[in-house]
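[1] Mind looking at a prediction? Sequence and model below.
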Amino acid sequence: MKNFLEIKIKLYKACLLFVEEKHNTVTSIIESNKKSLFSETKSSAGDKHETGRAMLQLEMEKASQQLASIIEMKEVLAKIETQKTSKIICLGSLIKTTKVNYYLAISVGEITINSVNFYAVSTNSPIGKQLLGKSIGAVIPFNEAKILEIY
């Protein structure tokens, strides 16, 4: 694979952008819900008011969980050294197989770099767990793909 270092850096930046976009979305949802929660006044329809507040509380809890997940993803990305290469698959590895290419970082899904598709997967995902610790020549049980190269 030509320019594997350049590709790794681009994949890393794509993952950072993904996390940043998610962070911005969740933060704006939290802010919007806070405004709605504080602006809602008690009306004569008391039950309806309480139901609305309860729904907003649930949305806030859900957004808070998403925010915790985003913080976790940022921590994982902070551990990746894009310059590092290894003969054994680890966090930050770029993996070429007989079927697809993987980038072991966070679960982003498909990322296209220089017209080549890569799947950014987490070390906690089923495929990530199968990739961790493998070396060139190993076969991944998930899709029977043979590992050809590791960067």
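    Looks like it came in fine.

[2] which residues of this protein fall in strands?
    94-97, 101-105, 109-113, 116-122, 139-140, 145-150 (DSSP state E).

[3] outside of the last one, which residues touch it?
    Meaning strand 145-150. Outside strand 145-150, the residues that touch it by C-beta atoms under 8 Å, 6 or more residues apart in numbering are 1, 85-89, 93-100, 131, 134-140. C-beta here means a position set from N, CA and C on the backbone, and glycine is covered the same way.

[4] how far off strand 101-105 does it point, in degrees?
    Between the axes of strand 145-150 and strand 101-105, defined by axes from the mean of the first three to the mean of the last three C-alpha atoms, to 10 degrees, the angle is 70 degrees.

[5] low-scoring pLDDT stretches of the chain, where are they?
    Residue ranges of the chain with pLDDT under 70: 1, 40-49.

[6] Let's see that with 50 instead.
    Within the chain, the set of residues satisfying pLDDT under 50 comprises 44.

[7] Residue ranges of each domain in it, please.
    Taking automatic domain parsing as the domain assignment, the ranges for the chain are 4-78, 94-150.

[8] Among those, show me which one is buried the most.
    Most buried of the domains of the chain, by mean neighbour count (mean count of other C-beta atoms under 10 Å): domain 94-150, with a mean of 17.

[9] how far out from the middle of the chain is that one?
    A distance of 14 Å separates the C-alpha centroid of domain 94-150 from that of its chain, computed with C-alpha atoms, centre = their mean, to the nearest Å.
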